[in-house]
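Enquirer: after the sequence you'll find the predicted model.
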Amino acid sequence: MQARIIMLVDLDYFFAQIEEKRNPALKDKPVVVCVYSGRTKDSGAVSTANYVARKYGVKSGIPISLAKTKLKDVDAVFLPVDKEYYSKVSEKIMNILRGYADIFEQVSVDEAYLDVSQKTRGSYLDASELAARIKDDVFNQQKLTCSIGVGPNKLVAKIAADYQKPDGLTVVKPEYVLRFLSPLPVRRLVGVGRKTEQRLETLGVKTIAQLARFDIQKLVDVFGRNLAAYFHNASLGIDEDPVEERGEPESLSKISTLKEDTNDITKILPVAYHLCEEVHKKLTQRQLVCRSVSIYVVASDLGMHSRSKTFENPTSDLQLFKDTVKELFEKFLAETDLQARRVGVKVSNLDKKEAMQKQLTSFFGG
DNA sequence: GTATGCTTTCGGC
DNA sequence: TTACGGCCGAAAGCATAC
């Protein structure tokens, strides 16, 4: 058993890059791909922006109106997301990438891990050449650039891919892992978001090197055994998480923004029932059943709240979804004064429909 | 004490 | 000055079972 070589391939500013390719006139302008909520003309958020727009501080997640303010003096282009089209492009690219991997794991619409240990016979020279070839192949077939990180595990591959982009290629051999990670801010580690970053900073830990040297017992006291162990290992570039082909999703959900904020259940339920129908459609298309149903509410202050219910047995019964969603909203509204801005429905605890049938068959037939 | 399951929140893209 | 989507998986926090 030889050491692993793992790649992370990340498509650059994916949605906006696809729009640039679709319409080359956009090429040198700020391009902002938006999710319009439909509430008012410009309500909604930025999904992705190209690098020209990013120079003006426009990035993923900011309000569209704020993006417009930042770009008011330039000839910027605002486009609505065309998710269906991006998904088709994604599928083609993922199929290219899959062909280069011993084991392939798609993480999101624009990101995938490739375990190339066998293919490269553990050689980083081979891995570098392979990564360059993958970039060429994706560009020649789809005219899109990507950034690739190569390293001994997912953790290092991911940080390496982020290190140089767009159109980057960063290879970190095992003997360089510590030197590579040490100066980087802890924020770069998966699992360290804004909140954890703050907590670490109060402990005097800003860089990965400082995290590596930090007393492990103190880390346990603050974050608990599991998270402390993860942080400690991560700071040393240790990560055994395998690259694994992903099967069916673990949850399916739909969310939508209400015309106006409300806590009136008669205004919420028609929307929620529609979301039930959409989620039910997704579920049955994939021939899945679920055991849990959740509602979630984004309140006026943008705080996220949710409630869920788990059944005894898996189901795909639309009426049961609607009744459960009604019950959950009634309960939620009774115990809070919040006004809902957006409402969502989620099913989780998913299973293949036939798996259930098999169980039943073997039970009755067996 | 550890494992397991459920609910809720967090955070990345 | 403010402004604010739609997904997904991971993790936290809690309860219960062994």
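Expert: Received, thanks.

Enquirer: rest of the way, CA atoms for contacts and neighbours
Expert: Fine.

Enquirer: helices or strands up against the helix or strand that contains A:V289?
Expert: Element membership for A:V289, per DSSP states H and E: strand A:288-299. Contacts of strand A:288-299 with other secondary structure elements, assessed using 3 or more CA pairs under 8 Å, 6 or more residues apart in numbering; DSSP states H and E, are made with strand A:304-315, helix A:318-334, strand A:340-348, strand A:351-352.

Enquirer: run through who's touching that strand.
Expert: Contact partners of strand A:288-299, identified using CA atoms under 8 Å, 6 or more residues apart in numbering, comprise A:261, A:283, A:304-316, A:321, A:324-325, A:328-329, A:338-353.

Enquirer: from those residues, list the buried ones, please.
Expert: Neighbour-count burial (16 or more other CA atoms under 10 Å) is assigned, among the contacts of strand A:288-299, to A:261, A:283, A:306, A:308, A:314-316, A:321, A:324-325, A:328-329, A:338-351, A:353.

Enquirer: OK, contacts around A:H280?
Expert: Shown here is A:H280, whose contacts under the criterion CA under 8 Å, 6+ apart are A:S316, A:L318.

Enquirer: sorry, back to before: out of the helices and strands packed on strand A:288-299, nearest to DNA strand C?
Expert: With CA to the nearest atom of the strand as the measure, strand A:340-348 is the member of those nearest DNA strand C (6.2 Å).

Enquirer: wait, does the closest one contact DNA strand B?
Expert: No - using CA under 7 Å from any atom of the strand as the criterion, no contacts between strand A:340-348 and DNA strand B are found, and the smallest distance is 8.6 Å.

Enquirer: got the contact list for that strand?
Expert: Under CA under 8 Å, 6+ apart, the answer for strand A:340-348 is A:250-258, A:260-263, A:268, A:271-272, A:275-276, A:279, A:290-300, A:302, A:325.

Enquirer: would A:E19 count as being in a strand?
Expert: No - per DSSP: H, G, I helix; E, B strand; the rest coil, A:E19 lies outside any strand segment and is helix.

Enquirer: burial count for the residue in the stretch 51-200 of chain A that DNA strand B sits nearest to?
Expert: Of the stretch 51-200 of chain A, the residue with the smallest distance to DNA strand B, taken as CA to the nearest atom of the strand, is A:G193 at 3.4 Å. Burial measure for A:G193: 12 neighbouring residues, criterion other CA atoms under 10 Å.

Enquirer: I'd assumed A:V186 was in contact with it.
Expert: No - judged on CA atoms under 8 Å, A:G193 makes no contact with A:V186 at a distance of 9.0 Å.

Enquirer: quick check: buried residues in stretch A:36-46?
Expert: Buried-residue list, stretch A:36-46, by 16+ other CA under 10 Å: A:Y36, A:S37, A:D42, A:S43, A:G44, A:A45, A:V46.

Enquirer: whoops, stretch A:257-276 was the one
Expert: A:T257, A:L258, A:D261, A:T262, A:N263, A:I268, A:L269, A:V271, A:A272, A:Y273, A:L275, A:C276.

Enquirer: ok, stretch A:147-167 next?
Expert: Neighbour-count burial for stretch A:147-167, with 16+ other CA under 10 Å as criterion, is recorded at A:147-163, A:165-166.

Enquirer: domains of chain A?
Expert: Structurally, chain A divides into domains by automatic domain parsing as follows: A:15-84, A:182-235, A:251-357.

Enquirer: got those domains as TSV, with mean pLDDT and distance to DNA strand C columns?
Expert: Rendered in TSV, the data for the domains of chain A read as follows (pLDDT from 0 to 100; distance: least, CA to the nearest atom of the strand, whole Å):
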stretch	mean pLDDT	distance to DNA strand C
domain A:15-84	94	3
domain A:182-235	81	5
domain A:251-357	91	3
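
Enquirer: could these be laid out in a markdown table, adding distance to A:L130?
Expert: Compiled in a markdown table, the domains of chain A are given as follows (distance: least, CA to CA, whole Å):
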| stretch | distance to A:L130 |
| --- | --- |
| domain A:15-84 | 23 |
| domain A:182-235 | 25 |
| domain A:251-357 | 34 |
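
Enquirer: and A:K322, what does it touch?
Expert: When contacts are counted by CA under 8 Å, 6+ apart, A:K322 touches A:A272, A:Y273, A:C276.

Enquirer: just the CA atoms of the helix or strand hosting the first one, as CSV, please.
Expert: Using DSSP H and E, the secondary-structure element containing A:A272 is helix A:265-285. These are the backbone C-alpha positions of helix A:265-285, laid out as CSV (Å, rounded to 0.1, in the frame of the first residue of the first chain):
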residue,chain,number,x,y,z
ILE,A,265,-50.1,30.6,8.2
THR,A,266,-52.7,31.1,5.5
LYS,A,267,-50.1,33.1,3.5
ILE,A,268,-47.4,30.6,4.2
LEU,A,269,-49.1,27.2,3.6
PRO,A,270,-49.9,27.6,-0.1
VAL,A,271,-46.2,28.4,-0.8
ALA,A,272,-45.1,25.5,1.5
TYR,A,273,-47.5,23.1,-0.2
HIS,A,274,-46.0,24.1,-3.6
LEU,A,275,-42.5,23.4,-2.3
CYS,A,276,-43.8,20.0,-1.0
GLU,A,277,-44.9,19.2,-4.5
GLU,A,278,-41.5,20.2,-6.0
VAL,A,279,-39.6,18.3,-3.4
HIS,A,280,-41.9,15.3,-3.9
LYS,A,281,-41.2,15.5,-7.7
LYS,A,282,-37.4,15.4,-7.1
LEU,A,283,-37.8,12.5,-4.7
THR,A,284,-39.9,10.3,-7.0
GLN,A,285,-37.9,11.1,-10.1
